[in-house]
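Trainee: quick one, structure for this:
(2 chains)
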Amino acid sequence: MDKQTIDSLLDPLTIQRAEALGLQARYVVEGYMAGEHKSPYRGFAIEFAQHREYAPGDDTRHIDWKVQARTDRYFIKQYEQETNYIANILLDGSESMQYGSGSLTKFQYGKALAACLSYLILHQRDAAAVGIFDQEMRDYAPRSDNRATIHTVMQRLAAFQPKAETNIAAVLHDMARLVRRKGIIIVISDLFDDEEKVLDGIQHLRFAGHEVVLFHTLDPDEFEFPFKGLVEFEGLEGIPKILTRPQEIRKSYLREFENFRTRLREGCEKNHVHYVTANTAQPLHEMLSGYLAFRLKTTTR
Amino acid sequence: MSFLNPLLLVGAAAVAVPIIIHLLNRRKFQRVVWGAMRFIKASVDQNQRRMRIEDLILLALRCLILILLALALARPAMKTSTTDVFGQTKVTGVLLIDNSFSMGVSDGAETRFDKARKAAEQAIDALPAGSSTAVLLASDLAQGLIPEPTFDLNLARKTVREAKLSDRASDLAPAIQKAIETLKGRAALRKEVYLITDGQAVGWRQLGDIQKLLEQTKAEIKSHILLVGAKEEGNLGISGLAVAGGLTPVNRPIRFEVQLTNFGKEEAKNIRVTLAVGSEPSGDEIMVPLLRPGETIGVSLFGKLRAEGFHAVTARIPDDHLLADNKRTVVCRAIREARVLLVDGEPGAEPRDSETFILGHALVPVAPIDRDNYFIKTTTITASEMAGTRLDDFDAIILANVPDFPEATVKALEQYLKQGGGLMVFPGAKVNAGFYNDVLFTRHAMLPAALGIPEGNADQEEKFSTLQTRNYEHPVTALWNNPGAGTLASARFFRTFKLEPAAANQKPASADAGPARVVLRYADGAPAIMERAWGLGRVFLFSSTADTAWNDLPVRPAFLVLVQRVLGSLVQRQDEGLNVPVGQEFTRQVSPDLVGRDAQITAPSQSAATRELRRVELLNGTPTLRFAATDIGGAYEATVNDPPAVIRFAAQPDPRESDLAELAAEDKEKLKTVAQVYDWSPTISLRELVEKERVGTEFWLPMALLVLALAALETWLAQWFSRAK
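Mentor: Below you'll find the model as predicted:
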């Protein structure tokens, strides 16, 4: 892979900032390597977590006798195990991601984001899998904790060309079914799909025990709708062309668009999913370090 | 509803412009490949209906603006409504003010012309704001003070106040014609002509034509006629003044014929008529005891011209209400002597037998001892001596029974006539009619007529013809219209040449030849004497002999008068132009050393400060002085300083204008069918009278305002519709 691809996907500034903050798993994840992440498997590990009243059926080995001696009650001693987590990075490769008003399209921005996250995760010795999807998974780099995997990941990211419509919900449902081991699912998409279905998919992932982070990748034009005069909008995903005077429908558009984002955000909050707005006008490192700082603050160890 | 600029209605086709722009714009758009289509689609679905309606409203507004603009430019007008909120429609008017000299009739306080100026100012005041008017003076022609309508009504008022009376006659037809031409074809809803005149019948002599003209244009142009004249019963005027004798020698009593007319309806008694030469205070005078209404009499007054040159002679009667015709001036040139060359074709043995014997005595009717002092000097030669004689030394040449003469003499004679000489030709038994007809008549067109076959027999006394006894038309013979002046009828003509003038449509061979006129006829109507101007000179052709060979006229008393008057006509040929009718251009040949000099011309009763300059110019190779502004009757003086020269001339008003008879009542009624006729007095409210007539409204202003309002609405709506929604 040439250096140019690496440069375009791995912004050194982003990496530098993000590395310091690290990507912590918010939830206790199942890991197979002792790492920085909590494991849901308790009882045998090194680090004490909490006491719990004994319930019949519990292994008596874990009864804390000292407590029993002092209080005459049975408590089970619980431990936490630090595990390695698996992060599944899902990048939307549908046509609508092709839009870009500035130097970057949403897809390019998403690719850079995915690459940075992969690098970060692999660098922490966690495992990362990267998948690009539209209606279904188009390209999938299976999970690996080998740092050298980053090259494969980036090659795949660089090579992909979006061409089809999107169906995020289906992909999320598939992921929920297929990924057995709990981990972090990072979705990078403009989510131009039926938001109810998308939220269903997220709920499914959450139900399967995954932590979900949603990077809602949007172009500034989509926020502001700054067009003037007579404009023909050509749909990227099969919607017929529309000829209109955008400034006359701007308010209505912005209202629709804001409603859409609000529904998504509220759905995410209900499911305890981090909803992150990734405006392609904002430098990647700013966006990412902002999020990571927020995450660090809200993640308890 | 009609349109004043209907051609501009084509502009309504511009209604297609916004539609075309709309369609073109639909093809010109930015293309954006866009992801978030569902939001646009939702927004468009919400707004589509509204946007379409807004588009339609704007398109309709823009089309409406253009249609209204085209309509406004086409100046729509309605003829029915009387008033509207936008005020009266502007008027394009022409003020015609009669300034003929009958307008000078005074009622003691002010003249008709003063009243006309007031009426004109009232007419200007009655024009609605924003109107325009031209100001023309009407006499026998239309004189444009403001030839094209001006919006500067103050200028029009000032022009009216400063308008001047002239001594011209009035004939209102050309002025009305001019006024109508001025207004015709102008894009205006209301066109009005105001004719302010004194209602003198003479001015309306072309009433039929005027009525027809006004009738034709009645729908387009409203005419108002304001009559300012009060009834004027009496007017005496000098209707004519002329030198009676024909010749004007220095220091001899010259008879002036004064025509006096009573234009009124009452007898005039004891009218004192005076004659003054130049600025001399007193001259001859005569009392006319009675002049009946409508009667014209001629009185003779005598005056002496004291020096050679131009003299203004003025006849006066006492002042009445109309001053302009109470005096009349002629200018005549006093001559020291008239030199006449008699060419005798048949000298005879005895002087008494010669062809020119009686003629010579008729020209110089004094005793031999007084001949040297008499102002007519004669020289008699034979036909053969003609070749050796300088013709230019003579004022007139008389050919009496001269057979023919060589070509060189013909040439000399031609040159002589061209420069203003006079020629009298008497035929006789010896004349070579072929030479006269072929050379003098046909080739050079010098003679007014060809000599036909001689009729009658001179050797008997039974059969003869006589001259006409009345209806003398030529100035030379007009004298005999007055029975007191003697008679020509007693003369008997036994043998005569038939005078055969060229056919009327035949162009004379020489450009110098003027029209041939009959001076005197025989009783049967055949011409007895004819004349024609030739170059600056003149030629008289008689049909019979100068002696008593073929007739007995030479021994009648009238012969002397006739010959002297013909001579006077010859000698004064070049002075004919000294007296012009008022308004006609004065043209006179002057001596060549004046070419390029400026002549200062002083009009009658004008101060030296307002003298006008005219340059002496070469006109067809002839040094000529011209002056056209002869609006005032009286003597004019043209002075050149270096070399010193003075020329006087006079302008004489048309005597018909003195007749103050009013337009007949039935003619007034006829006029009322084509125009509004008012008898003006200072107390009438012209405004009220004319405003009743001014019906009709133009709609361009409200339309233009509507266009403006719609344009503002369109701008606002376009902004409002395109705001972010």
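Trainee: remind me which helix or strand B:Leu417 belongs to.
Mentor: Assessed by DSSP states H and E, B:Leu417 sits inside helix B:407-418.
Trainee: list the buried residues of that helix.
Mentor: By 16 or more other Cβ atoms under 10 Å in any protein chain shown, the buried positions in helix B:407-418 come out as B:Thr409, B:Val410, B:Ala412, B:Leu413, B:Glu414, B:Tyr416, B:Leu417. C-beta coordinates here come from the backbone N, C-alpha and C atoms, glycine included.
Trainee: residues touching the second one, list them.
Mentor: In this case it means B:Val410. B:Val439, B:Leu440, B:His444 (Cβ atoms under 8 Å, 6 or more residues apart in numbering or on different chains).
Trainee: quick check, pLDDT for it.
Mentor: For B:Val410, the model assigns a pLDDT of 92.
Trainee: on the three-state scheme, residue 297 is what?
Mentor: No chain in the question, so chain A it is. Secondary structure for A:Lys297, judged by DSSP: H, G, I helix; E, B strand; the rest coil, is helix.
Trainee: not quite, I wanted chain B
Mentor: Under three-state DSSP, B:Ile297 comes out as strand.
Trainee: closest one of the contacts of B:Val410 to A:Glu211?
Mentor: B:His444 (138.2 Å; Cβ to Cβ).
Trainee: would you confirm that B:Ala650 belongs to a strand?
Mentor: Yes: under three-state DSSP, B:Ala650 falls within a strand.
Trainee: so it touches B:His311, yeah?
Mentor: No: B:Ala650 is beyond contact range of B:His311, at 10.3 Å (criterion: Cβ atoms under 8 Å).
Trainee: tell me the confidence at the residue of the stretch 151-300 of chain B at minimum distance from chain A?
Mentor: With Cβ to the nearest Cβ, the shortest gap between the stretch 151-300 of chain B and chain A falls at B:Ala187, namely 42.7 Å. Note for B:Ala187: predicted pLDDT of 77.
Trainee: same check, this time on B:Lys692
Mentor: At B:Lys692, pLDDT is 64.
Trainee: repeat that for B:Ala244.
Mentor: pLDDT recorded at B:Ala244 is 77.
Trainee: how many residues are close by it?
Mentor: Applying other Cβ atoms under 10 Å in any protein chain shown, we find 18 residues neighbouring B:Ala244.
Trainee: same deal with B:Trp480?
Mentor: Neighbours of B:Trp480 (other Cβ under 10 Å): 23.
Trainee: surely it and B:Ala491 touch.
Mentor: No: B:Trp480 lies out of contact with B:Ala491 (Cβ under 8 Å); the separation is 11.7 Å.
Trainee: look up phi and psi at the closest residue to B:Ala523 other than its chain neighbours.
Mentor: Distances taken as Cβ to Cβ, 6 or more residues apart in numbering or on different chains place B:Thr466 nearest to B:Ala523, at 4.9 Å, with adjacent residues excluded. Per-residue torsions, B:Thr466: phi -120, psi 170 (degrees, to the nearest 10).
Trainee: correct me, but B:Thr466 touches B:Ala489?
Mentor: Yes: counting by Cβ under 8 Å, B:Thr466 touches B:Ala489, with 5.7 Å between them.
Trainee: name the residues contacting each of the two.
Mentor: B:Ala523.
Trainee: now the buried residues of helix B:407-418 as a markdown table including distance to B:Thr715?
Mentor: Output for the buried residues of helix B:407-418, formatted as a markdown table (distance: Cβ to Cβ, whole Å):
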| residue | distance to B:Thr715 |
| --- | --- |
| B:Thr409 | 96 |
| B:Val410 | 92 |
| B:Ala412 | 92 |
| B:Leu413 | 91 |
| B:Glu414 | 86 |
| B:Tyr416 | 89 |
| B:Leu417 | 85 |
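Trainee: and which of those residues is nearest B:Val228?
Mentor: For the buried residues of helix B:407-418, the minimum distance to B:Val228 (Cβ to Cβ) is 52.0 Å, reached by B:Leu417.
Trainee: and the residue nearest to that closest one when sequence neighbours are not counted, how far is that from B:Gln419?
Mentor: Closest residue to B:Leu417 apart from its sequence neighbours, by Cβ to Cβ, 6+ apart: B:Gly537 at 3.8 Å. Applying Cβ to Cβ, to the nearest Å, the value for B:Gly537 to B:Gln419 is 7 Å.
Trainee: quick revisit: any common contacting residues for B:Ala650 and B:His311?
Mentor: Shared contacts of B:Ala650 and B:His311, defined by Cβ under 8 Å, 6+ apart, are found at B:Val331.
Trainee: mind checking pLDDT for residue 38?
Mentor: Reading this off chain A. For A:Lys38, the pLDDT comes out at 56.
Trainee: let's do chain B instead
Mentor: 82.
Trainee: give the buried residues for the strand or helix carrying it.
Mentor: Using DSSP H and E, B:Arg38 sits in helix B:37-73. Along helix B:37-73, these residues count as buried under the neighbour rule (16+ other Cβ under 10 Å): B:37-44, B:46-47, B:51, B:54, B:58, B:61-73.
Trainee: can you pull the residues of the stretch 51-200 of chain A lying near chain B?
Mentor: Contact residues, the stretch 51-200 of chain A versus chain B (Cβ under 8 Å from any Cβ of the partner chain): A:Glu95, A:Ser96, A:Met97, A:Gln98, A:Tyr99, A:Lys106, A:Asp190, A:Phe192.
Trainee: which one of these sits closest to chain B?
Mentor: Set against chain B, the nearest of these by Cβ to the nearest Cβ is A:Ser96 (3.3 Å).
Trainee: check the secondary structure at that closest one for me.
Mentor: Taking three-state DSSP as the rule, one finds A:Ser96 in the helix state.
Trainee: what count of nearby residues applies to it?
Mentor: So A:Ser96, with other Cβ under 10 Å, has 28 neighbours.
Trainee: the one 3 residues further on too?
Mentor: Neighbourhood size, A:Tyr99 [other Cβ under 10 Å]: 22.
Trainee: and for B:Ala489?
Mentor: Residues lying near B:Ala489 (other Cβ under 10 Å) number 15.
Trainee: ok, it to A:His204 distance?
Mentor: Distance, B:Ala489 to A:His204, using Cβ to Cβ: 152 Å.
Trainee: many thanks, I have nothing further to ask.
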